[in-house]
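**Q** Give me a 3D structure for the following:
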Amino acid sequence: MSTMPARAPRTETPVLTALRCATKQRHEALERLLDFDSLADRSRYERILAGFSCFLAVWEPLVRNALGPRWDAWITEGSRLPLLERDIAVLGVQPVALPAGLAPALRLRSPEAAWGALYVVEGSALGGQLIARQLFERFGITAKRGGAFLAGCGAKTGSRWREFRRLLEVEVGPGSHGQAQACIGAIDTFDGFIRSFEIALDEQLPA
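**A** Model prediction:
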């Protein structure tokens, strides 16, 4: 899973820079675990979908609660959970169960932490565009046949990301406390994804 664009912008805003630095190692670890570039087994892709599903079903309500009603419509507009549920139904993916303690481990207890968490998931939509093309080439998977989640909002993905970056700077702000909270939310989200995929794939990252 590539959570960031392949080429970083020439100039980055302070919050984005802080988030990139704080999550760099986890981002790289997650990409090693998923290894989409070497994906040769459709059943592995289905297990990855199961990992996305079980984690996001826990994660999204926590983000909504942390941000409050003001942002509910915006989150709903960009949510890919319905697309993921459709893919799982089309492919007949078997669900996986996560440890009971995963939700408490996500420290999304402030708006800033929630924006940091959104950084991970909103950014993943960019990499999903490339992966969706790979799935079509390898397995014939399309947005209507099991690839809707990664295809996301298609051509609108870039504009959604640019809007998110603008909101991120405004809502987190320049202060060190807000940025620290955002980094906590992003780190916890990466850790939650890693744990979910380790369970769904029955694999462990090296210690």
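
**Q** Show me where the protein dips below the pLDDT cut-off.
**A** 1-12, 206-207 (pLDDT under 70).

**Q** centroid residue for it?
**A** What sits nearest the mean C-alpha location of the chain, by C-alpha atoms, centre = their mean, is residue 121, with 2.7 Å.

**Q** That one: what's it in contact with?
**A** Contact analysis of residue 121 by C-beta atoms under 8 Å, 6 or more residues apart in numbering lists 56, 59, 189. Yep, even glycine has a C-beta here, placed from its N, CA and C like the rest.

**Q** What count of nearby residues applies to the second one?
**A** By other C-beta atoms under 10 Å, the residues close to residue 59 number 26.

**Q** The one 4 residues further on now?
**A** Residue neighbour count, defined by other C-beta under 10 Å, stands at 23 for residue 63.

**Q** Am I right that it is in contact with residue 118?
**A** Yes. The criterion here is C-beta atoms under 8 Å, and residue 63 meets it with residue 118 at 6.4 Å.

**Q** Next, show the common contact partners of the two.
**A** Joint contacts of residue 63 and residue 118 (C-beta under 8 Å, 6+ apart) do not exist.

**Q** Okay, and the residue nearest to the centre of the chain sits in which element?
**A** helix 111-139 (DSSP states H and E).

**Q** Then residue 63?
**A** Residue-wise, residue 63 maps onto helix 42-67 under DSSP H and E.

**Q** and the angle from that helix to helix 111-139?
**A** Between helix 42-67 and helix 111-139, the angle comes out at 160 degrees (axes from the mean of the first three to the mean of the last three C-alpha atoms, to 10 degrees).

**Q** Tell me the buried residues in helix 42-67?
**A** Across helix 42-67, burial judged by 16 or more other C-beta atoms under 10 Å covers 44-56, 59-60, 62-64, 66-67.

**Q** now the helices for this protein?
**A** Using DSSP state H, the helices found in the chain span residues 14-34, 42-67, 72-78, 81-91, 102-105, 111-139, 148-151, 157-172, 176-201.

**Q** any idea which of those is most buried?
**A** The highest mean neighbour count among the helices of the chain, using mean count of other C-beta atoms under 10 Å, belongs to helix 148-151: a mean of 24.

**Q** wait, residue 47 sits on residue 203?
**A** No. If you go by C-beta under 8 Å, residue 47 and residue 203 don't touch, sitting 9.6 Å apart.

**Q** Return the residue of the protein that is most distant from the centre.
**A** residue 175 (25.0 Å).

**Q** For it, give me phi and psi.
**A** The phi/psi pair for residue 175 (degrees, to the nearest 10) reads phi -70, psi 150.

**Q** roughly how far apart are it and residue 13?
**A** According to C-beta to C-beta, to the nearest Å, residue 175 and residue 13 sit 14 Å apart.

**Q** and for stretch 100-113, what are the contacting residues?
**A** 55, 58-59, 62-63, 65-68, 114, 117, 171-173, 177-179, 181-182, 184-185, 188-189, 191-192, 195-196.

**Q** Could you give the separation between the terminal residues of that stretch?
**A** Distance across stretch 100-113, first residue to last, is 21 Å (C-alpha to C-alpha, to the nearest Å).
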